[in-house]
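Asks: Curious how this folds, go ahead:
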Amino acid sequence: MGALDTIADYFDFDEHNTNYRTETVAGVTTFLAMAYIIVVNPTIIAPAIFGQPPGELDPGSTTEIAGETYTLVQVEQMLAVVTILASIIAIAVMAFYAKRPFGLAPGMGLNAFFTFTVVLILGVPWQVALAAVFVEGLIFIALTAVGAREYIIQLFPEPVKFAVGAGIGVFLLFLGVQEIQLVVADESTLVTLGNVLESPIAAFSLAGLVLTLLLYARGIRGSIVIGILVTAIAAWVVTLAGFVERGTITPEQGIEGAQYDFTPLFWGFVDGLSMIGEEPLVFLLVVFTFFFVDFFDTAGTLIGVSQIAGFLDEKGDLPDIEKPLMADAVGTTAGAMIGTSTVTTFVESSTGIEEGGRTGFTALVVGGCFLLSLAFIPLITAIPTYASYLALVVVGIIMLQGVADIDWQDPAWGIAGGLTITIMPLTMSIANGLAAGIISYPLIKAAMGERHDVSLGQWVLALSFIAYFVIYFGVQAGEVTF
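Replies: Numbers count the residues shown, from 1 in each chain. Sure, this is the predicted structure:
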């Protein structure tokens with residue numbers, strides 16, 4: 001038996017009826033869909049390290065880390081490297097231990113919470129915030145090891161489990177159409193249709209989206225990758241030909257000459273550990289909030305993308321879910337140590353799954369692409385963000401098929417499932433969508449006289465969400481202070 005056969009056996013290619021080509025295309029697709037995090041995460045985390053809102057920073061801004069002075073550009077370069085390394089660590093666990101085709105990286109939304117709420121609003125030093133993420137990761141590792149996280153996820157009401165996929169689909173679709181400027185902000189209606197005759201990005205995005213959908217409809221393997229690359233190449237051809245200025249439909253500049261020495265961020269984390277005792281109540285609140293949001297974001301994403309892959313059982317549960325959960329726990333812990341916020345499973349994994357990815361080899365390819373990106377950061381940043389977001393639109397449409405699994409005639413299923421699906425995109429949060437479904441289900445069941453169908457654990461889960469929102473909104477309103 002050759003090496004390729006051994007690898008194929010390890011990842012159970014035959015069981016999943018897949019092959020190297022399919023898994024590779026799926027891995028590259030997932031990477032292209034989530035590669036934006038390499039550029040976006042540093043721009044979100046950097047203001048936390050500088051202690052200033054983004055609008056007050058410029059490339060020449062400086063800050064002191066571990067006794068040395070660094071510019072904004074240098075800090076963002078460090079964070080780009082850290083983002084890649086944290087992703088690789090988590091993905092390695094996903095590939096070899098969980099053997100699932102999911103990509104992981106520092107989570108969007110969670111990084112914004114880290115910077116804008118915890119550091120800039122609550123005034124928690126970024127070093128302490130990293131320590132909180134580290135502790136959260138350790139708690140996740142412990143809970144996952146004993147199966148507690150799996151037990152809690154199994155408490156999710158069935159309509160919520162089956163609605164998560166469609167909810168994430170609408171969430172991705174809404175994110176995608178905004179980024180490609182087919183939907184834009186409007187003062188009177190909040191959102192409206194973008195003008196493709198006025199916006200070059202909208203025009204190129206629409207052309208790329210049509211191409212991708214046509215390729216997908218024809219059953220062309222790699223249709224999403226082809227759509228992304230063709231759109232990006234076309235944008236650069238038009239730009240280099242002089243029809244539009246650079247920066248209009250292509251990135252103005254990439255991250256060049258990355259500073260690979262990220263040890264200053266590690267020493268900042270070490271300083272954070274020593275500062276925990278100074279504000280213990282604040283630290284506990286930050287740990288709790290990171291824990292709560294990350295737990296349900298990750299759970300929702302795993303269930304949603306697993307539904308598309310056909311991994312869920314008849315009850316809507318993911319067998320051996322503790323293994324992929326361990327990947328994000330290890331990634332979060334390691335990521336905090338080297339300087340980034342919570343690592344989580346990415347909803348963009350759906351793009352690779354739709355291309356046929358079914359095993360850990362898909363994740364391995366994603367990790368390999370992240371590793372290669374260390375040497376080719378400028379090339380990655382040459383792909384316009386809107387081109388990558390075409391994948392979200394296509395996958396979002398495909399994931400809507402999940403609504404067929406919901407019994408809409410049953411009020412408890414219809415209300416819990418409907419709220420799960422709609423609250424996610426309307427609040428831009430997977431966790432909030434889950435909360436709406438989890439809280440509403442036992443209440444509707446009780447109103448229907450079917451309280452015996454609701455377990456004690458489901459009531460506790462619903463009350464936990466209510467308690468979380470009371471604390472969260474109290475902090476926002478300034479009623480909870482430290």
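
Asks: how about low-confidence regions in the stretch 151-300 of the chain?
Replies: The stretch 151-300 of the chain contains residues with pLDDT under 70 at 221, 252-258.

Asks: all helices of the stretch 201-350 of the chain, in order?
Replies: With DSSP state H, counting those that start in this stretch, the ranges of helices along the stretch 201-350 of the chain come out as 223-240, 263-274, 280-309, 322-338, 349-354.

Asks: out of the ones you listed, nearest to residue 421?
Replies: helix 280-309 (10.7 Å; C-beta to C-beta). (Each C-beta comes from the backbone N, C-alpha and C, glycine too.)

Asks: if we can go back for a sec, now the helices of the stretch 201-350 of the chain as TSV including distance to residue 202 and mean neighbour count?
Replies: Converted to TSV, these look like this (distance: least, C-beta to C-beta, whole Å; neighbours: other C-beta atoms under 10 Å):
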stretch	distance to residue 202	mean neighbour count
helix 223-240	12	20
helix 263-274	38	17
helix 280-309	28	23
helix 322-338	35	25
helix 349-354	21	30
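
Asks: Let me have those helices in TSV, adding distance to residue 178 as columns.
Replies: Converted to TSV, the helices of the stretch 201-350 of the chain look like this (distance: least, C-beta to C-beta, whole Å):
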stretch	distance to residue 178
helix 223-240	17
helix 263-274	31
helix 280-309	19
helix 322-338	26
helix 349-354	17
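
Asks: quick one: which of the ones you listed is nearest residue 166?
Replies: helix 280-309 (8.3 Å).

Asks: circling back: and the helices of the stretch 201-350 of the chain: which comes nearest residue 126?
Replies: Of those, nearest to residue 126 by C-beta to C-beta is helix 263-274, at 7.0 Å.

Asks: Next, the angle helix 322-338 makes with that closest one.
Replies: With axes from the mean of the first three to the mean of the last three C-alpha atoms, to 10 degrees defining the directions, helix 263-274 sits at 100 degrees from helix 322-338.

Asks: okay, helix 263-274 in PDB with CA atoms only?
Replies: Output of helix 263-274 as PDB, limited to C-alpha atoms (Å, rounded to 0.1, in the frame of the first residue of the first chain):
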ATOM      1  CA  THR A 263       7.100  37.500  20.600                       C
ATOM      2  CA  PRO A 264       6.200  41.000  21.900                       C
ATOM      3  CA  LEU A 265       2.500  40.000  21.800                       C
ATOM      4  CA  PHE A 266       3.400  36.800  23.700                       C
ATOM      5  CA  TRP A 267       5.100  38.800  26.400                       C
ATOM      6  CA  GLY A 268       2.100  41.100  26.500                       C
ATOM      7  CA  PHE A 269      -0.100  38.000  27.200                       C
ATOM      8  CA  VAL A 270       2.300  37.000  30.000                       C
ATOM      9  CA  ASP A 271       1.900  40.500  31.500                       C
ATOM     10  CA  GLY A 272      -1.800  40.000  31.300                       C
ATOM     11  CA  LEU A 273      -1.700  36.900  33.500                       C
ATOM     12  CA  SER A 274       0.100  38.900  36.200                       C
END
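
Asks: now the angle from it to helix 280-309?
Replies: 120 degrees.

Asks: any idea how far residue 21 is from residue 139?
Replies: Counting by C-beta to C-beta, to the nearest Å, the gap from residue 139 to residue 21 is 40 Å.

Asks: Looking at the two, which is more packed in?
Replies: More crowded of residue 139 and residue 21, by other C-beta atoms under 10 Å: residue 139, with 20 against 11.

Asks: And that one, its phi and psi?
Replies: Main-chain dihedrals, residue 139, degrees, to the nearest 10: phi -60, psi -40.

Asks: Find the nearest non-adjacent residue to it, please.
Replies: residue 291 (6.3 Å; C-beta to C-beta, 6 or more residues apart in numbering).

Asks: Now for that neighbour: which residues touch it?
Replies: Counting by C-beta atoms under 8 Å, 6 or more residues apart in numbering, residue 291 makes contact with 136, 139, 140.

Asks: do the same with residue 366
Replies: Neighbouring residues of residue 366 by C-beta under 8 Å, 6+ apart: 27, 30, 31, 34, 91, 103, 352.

Asks: wait, residue 373 sits on residue 83?
Replies: No: between residue 373 and residue 83 there is no contact, the gap being 9.7 Å when judged by C-beta atoms under 8 Å.

Asks: Which neighbours do these two have in common?
Replies: Common neighbours of residue 373 and residue 83 (criterion: C-beta under 8 Å, 6+ apart): residue 38.

Asks: The two - which one has more neighbours?
Replies: residue 83 (29 against 21).

Asks: Relative to residue 411, how far out is the nearest residue in space to residue 27 that is not next to it in sequence?
Replies: Of all residues not flanking residue 27 in the chain, residue 365 sits nearest, at 2.4 Å (C-beta to C-beta, 6+ apart). Separation of residue 365 from residue 411 (C-beta to C-beta): 44 Å.

Asks: same check, this time on residue 101
Replies: 36 Å.

Asks: Same drill for those two, tell me which one is more crowded.
Replies: residue 101 (34 against 14).

Asks: quick one: the more buried one and residue 352 touch, right?
Replies: Yes: counting by C-beta under 8 Å, residue 101 touches residue 352, with 5.9 Å between them.

Asks: Now do the strands in the chain.
Replies: Secondary structure of the chain (DSSP state E): strands at 62-65, 68-71, 104-106, 183-186, 190-193, 343-345.

Asks: elements contacting the second one?
Replies: Read it as strand 68-71. Strand 68-71 makes packing contacts with strand 62-65 when contacts are defined by 3 or more C-beta pairs under 8 Å, 6 or more residues apart in numbering; DSSP states H and E.

Asks: can you list contacts of the strand it packs on?
Replies: Contacting residues not belonging to strand 62-65 are listed as 49, 50, 51, 69, 70, 71, 72, 75, 264, 265, 267, 268 [C-beta under 8 Å, 6+ apart].

Asks: Pull the distance from it to the chain's centre.
Replies: The chain centre lies 29 Å from the centre of strand 62-65; the measure is C-alpha atoms, centre = their mean, to the nearest Å.

Asks: Which positions in that strand come out as buried?
Replies: For strand 62-65, a neighbour-count test (16 or more other C-beta atoms under 10 Å) marks 63, 65 as buried.

Asks: can you check stretch 11-26 too?
Replies: 11, 13, 16, 18, 22, 23, 24, 25, 26.
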